[in-house]
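Show me the folded form of this:
(one chain, ligands or ions: 1)
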Amino acid sequence: MTNAQQDQAPRRQLVAGNWKMHGNAALLRNIISNLLDKEDLPEQVDVLLLPPFPYLSLAAELIGDQRLLLGAQNLSEHEQGAYTGEVSADMLSETGCGYVLVGHSERRELYAESDALVAEKFVIAQRAGLRPILCMGETAEQHERELTEVIIARQLQAVIDRAGIGAFATAVLAYEPVWAIGTGKSASPEQAQQVHAFIRQTIADVDARIAGQIQILYGGSVKPDNAADLFVQTDIDGGLIGGAALHADQFMEICNAG
Ligand code: PGA
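Residues are numbered from 1 along each chain as shown. Now for the predicted structure:
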């Protein structure tokens, strides 16, 4: 147990389904009706859906005032203006989103998003009342060179420097080792716990209260058969689910493992 965890109320679990650029309206309807049908979602688990932009309005409508949460996978770092093809934080907020991913490794790698850009997106999301989910993780090569903590510390520090530690009171963190995303090769619960404890301690070094309350999700090949072992770890507060979130039954099982 890290210093940050003493005397803290238990954190709720958050299970988020990141669809990436997959799926369609029929899948959205199927997943939402499946989740809403079942009354046995554990009380301590919040479920967050992150469908592609075009389905956000439909998702908001289908969710209505039910217990599911809605968020987006990306946003512009600009508030508004002539940025063809971009989507602003205010637009997401108006559409019913409460959360948004920033710094997903696919954005960092495929769209060359720097730590500084990720920090801007984090700040602009919060300005519109969205909770940013800051994703961090090391590549396979960095993992082999035992640079995990160096990389995570750098990615985290860039946002702390820009937004201030107080901003983390309304943010979520996600540890997603790049080598585990979409590969079927999840980090072991012990490996993941070790990195999560490091992340929490890094926050605790600046603000113990925020460290104790912030949710840190694990992502990277979470499936029904490994979710419970991951989620039970002291510093793992749920998951960011990619592939398995596209199957209503698997996603439901993972939510129930929280
Ligand atoms: P995965 O993706 O579950 O398919 O590994 C996780 C993510 O990219 O968020």
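
show me the contacts for the residue of the stretch 151-258 of the chain at minimum distance from the ligand.
For the stretch 151-258 of the chain, the residue closest to the ligand is G242, as judged by Cβ to the nearest ligand atom, at 2.2 Å. In this view, the C-beta of every residue, glycine as well, is placed from N, C-alpha and C. Going by Cβ atoms under 8 Å, 6 or more residues apart in numbering, G242 touches N18, W19, K20, I181, G182, G219.

Which of those residues sits closest to K121?
The nearest member of the contacts of G242 to K121, counting by Cβ to Cβ, is N18 at 15.7 Å.

so who does that closest one touch?
N18 neighbours (Cβ under 8 Å, 6+ apart): L50, Q73, L101, H104, G219, L240, I241, G242, A245.

And these, which of them are buried?
L50, Q73, L101, H104, G219, L240, I241, G242, A245 (16 or more other Cβ atoms under 10 Å).

Now do the SS call for the most far-flung residue of the chain relative to its centre.
Computed with Cα atoms, centre = their mean, the maximum C-alpha offset from the centroid of the chain is found at A82, amounting to 28.7 Å. Under DSSP: H, G, I helix; E, B strand; the rest coil, A82 falls in the coil class.

for the one 5 residues further on, same thing?
On the three-state scheme (three-state DSSP), V87 is labelled coil.

That one and the ligand: what is the separation?
19 Å (Cβ to the nearest ligand atom, to the nearest Å).

Touching, that residue and E77? I think so.
No. Contact criterion Cβ atoms under 8 Å: V87 and E77 do not qualify, at 11.2 Å.

Who has more neighbours out of those two?
Shown here are V87 and E77; by other Cβ atoms under 10 Å, E77 has more neighbours (20 against 16).

hmm, back to that, looking at pLDDT only, which of the contacts of G242 scores worst?
Lowest pLDDT among the contacts of G242: G182, with 93.

isn't that residue right next to S221, touching?
Yes. With contact defined as Cβ under 8 Å, G182 counts as touching S221 (7.2 Å).
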